[in-house]
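> take this sequence and fold it.
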Amino acid sequence: MYSPPPEVLELTRHAKEEYSIGNEILTRAWPELNGMSVIDRDNRDRKTFNAFVDESEDDPTEAWKWRGTRSMARNKALAMHAHLTAGFLFPMIDAQDENDEEHRGIGDSMRDIVLWMGENSNYKTSFLQLMTGTLTSPVTYLSADFMQAMQVIKTKTAEGYSTKEVLDEELSGFRADVYGASDIMITNAYVQNIQQQDCVIKRKSLTYGDAKKKYGKHSNWEFVKKGANTVLGDENNLFYDASDPANPNTVSEVIVTWRSKDLEVPFVGGIYMGSENVDWNPVKHRDNLGNPRYNVTPFGYHRISEHFFYYKSLMNSLYWDDALNDAMYENIMNSEFLMRNPPIAIAGDDKIDSSVMFPGAQVVTANENLKIQSILPQRQDSSYKAMQMIEESMKEASLSDVQTGQLPEATQKAWNVARAEKNAQILLRGVAQSIGESIMQYGKLMVDIAVNHLSVPIIDEVSATVDRLKYRHFVLPRQTSKGKNITKIVRFSEDLIGKSMNKKQREVYALKLYQEAGDDKTISVVNPELAARMKYLIRIDVEQMFDQNREQMSQTLGNLYLQLRQDPLIDAETLVRKLMHSLLRSEGDELLASKGDIEKAMQAQTAVMQQATQPQTVQKPATPMNNTTPGATQRSQ
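Below you'll find the predicted structure:
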């Protein structure tokens, strides 16, 4: 029987109270969500996105009716998702020292390290899932974790084979995992900043094997049971097991975090998995100053009110228009079915039934009183116009037809099409601003991990006598700088720790790095201690999310090239490279001259421009010796 000590019992009871508050927030009906709970709203919005159709009707008098969907809301969401994921959004980073002076070098280097973290993790995959969640859910969370997972490998020996533990490269390092609306619990629904929440709870369902890898060495692991939760009773200090028949091979992981108390406690299947000293369960995620932070960031489509924590998804915004559009479409289709196979009323003695109701059938009767007529009312054609009005309403809440890849109707004036597209762009950038605010918060978590985990030395080689430590370096290939494809290299170096350089020494050091890098690389060396003491400010450029029109950009750069090619304030090589990159991407470098030829051309052009800008002087002609007439006046041309 699981019977923990009193201090663990008290902490478990406190965590259970917080869990109850979080669960009540998820299941309570909120007026901001149209009288629905977070979970119910999430389920309805996901059904709207998935174009769910209930086909369970068995009554033959009702089963003939059309129950399809036009999937208008889903189509709008897919188009919006394509716009939001045209570019992966990364934060911009500025660094300030203790004197609040900008340190651009460290800020740029930290930006490059954050890009490296995104390239060498599941960030991009999670970003795609995250953008789907913002369109289909009242909230979606992105976590920032640094993992060190081990795996057992087998190596062949003379005696057979041996096993050893090594670092699992697939699961280790920076991880950006996506959590749904019901996976994270908060304790105040009217505080939007998650860092101001008193308590944040993460819950996840793990297979028994995965849970054992993570917690199997804990002394309480023997009490964890498959498909069951150990629950603390409300009126006594006893625990009882609650089975979960729907998930017989899984266990629940619940992590309760109090940031203000610097306390983070994991429970697996209801069993305490923290430290033996309950007071020593610090929050794992820390900023560069050592302060605890929640490592999850909420994302959403747009805010509902100035205080409500949860968001209004795109599917929520389009739900009623989409439902009405489907209802109108259902009526029209049912009407079409009836018009093509109408029910009829027969007055007379002859039998006219479905056995003779088929195309080309001929019925002959001698009954003069036989009368056959349709019982349907005269058809009205206003339904299609109503559907057009509904679809226009949906365009106003999302994207125009042009932005979804459709050609405008021939009857539409160019001004109306341009105006609709402009309004959709404004709405799109408003959504991007909302997402950008969350990316700024998430960027702080990424910088925390970079400073606390990536700027510290790691073991490079282990021998019987000494452990060799080294600092990391980060390589970012295929980066664009001044229109040229280069490789960026960022290093943390212990040689800079405790050193100070004057301007001349910095120039000499930078020259050595330039010579080492060559033409196709840039190298930045960072003092790890200085980077840890910096204050980092995060900003965002939402234009990164939108793919620029290559044809339009090429035309613009071509015009700039003609206008600015001879301007002495413009770097001609960079201008040419940007023009080639906009046309041919990385293949444009092949068409450019070698570095030596470029330098010769630039020197020749500079000489011509300098000669053209020099002032022209006119020499004064000498006074003729034979002009000795008194009072004569000399004039110079």
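> what ranges do the strands span in the stretch 51-200 of the chain?
Shown for the stretch 51-200 of the chain, the strands assigned by DSSP state E, counting those that start in this stretch span residues 92-96, 140-143, 145-147, 150-157, 160-167, 173-175, 178-179, 184-186, 200-207.
> so can I have a markdown table of these showing distance to residue 342 and mean neighbour count?
Yep, even glycine has a C-beta here, placed from its N, CA and C like the rest. Formatted as a markdown table, the strands of the stretch 51-200 of the chain follow (distance: least, CB to CB, whole Å; neighbours: other CB atoms under 10 Å):
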| stretch | distance to residue 342 | mean neighbour count |
| --- | --- | --- |
| strand 92-96 | 66 | 19 |
| strand 140-143 | 49 | 24 |
| strand 145-147 | 64 | 16 |
| strand 150-157 | 69 | 10 |
| strand 160-167 | 73 | 9 |
| strand 173-175 | 62 | 20 |
| strand 178-179 | 52 | 19 |
| strand 184-186 | 55 | 22 |
| strand 200-207 | 54 | 18 |
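> which stretches of the stretch 101-250 of the chain have low pLDDT?
235 (pLDDT under 70).
> re earlier: can you tell which of the strands of the stretch 51-200 of the chain is closest to residue 84?
strand 140-143 (12.6 Å; CB to CB).
> what strands line up against that closest one, and which way round?
strand 178-179 (antiparallel), strand 296-299 (antiparallel) (DSSP bridges).
> circling back: format the strands of the stretch 51-200 of the chain as JSON lines; extra columns: distance to residue 515.
Shown next, in JSON lines, are those (distance: least, CB to CB, whole Å):
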{"stretch": "strand 92-96", "distance to residue 515": "26"}
{"stretch": "strand 140-143", "distance to residue 515": "41"}
{"stretch": "strand 145-147", "distance to residue 515": "35"}
{"stretch": "strand 150-157", "distance to residue 515": "41"}
{"stretch": "strand 160-167", "distance to residue 515": "35"}
{"stretch": "strand 173-175", "distance to residue 515": "32"}
{"stretch": "strand 178-179", "distance to residue 515": "45"}
{"stretch": "strand 184-186", "distance to residue 515": "51"}
{"stretch": "strand 200-207", "distance to residue 515": "49"}
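> which one of these lies nearest to residue 58?
That would be, of the strands of the stretch 51-200 of the chain and by CB to CB, strand 200-207, which comes in at 34.2 Å.
> which helices and strands does the helix or strand that that closest one is followed by pack with?
Following strand 200-207 in sequence order, the next helix or strand is helix 208-215 (DSSP states H and E). Applying 3 or more CB pairs under 8 Å, 6 or more residues apart in numbering; DSSP states H and E, we find helix 208-215 packed against strand 250-258, strand 263-268.
> mind listing what the residue nearest the centre of the chain touches?
In the chain, the residue lying closest to the centroid (CA atoms, centre = their mean) is residue 127, at 3.3 Å. Neighbour list for residue 127: 85, 88, 89, 176 [criterion: CB atoms under 8 Å, 6 or more residues apart in numbering].
> quick check: it vs residue 91, distance?
13 Å (CB to CB, to the nearest Å).
> again with residue 527
For residue 527, the distance to residue 91 - CB to CB - is 22 Å.
> so these two - more neighbours on which side?
residue 91 (24 against 19; other CB atoms under 10 Å).
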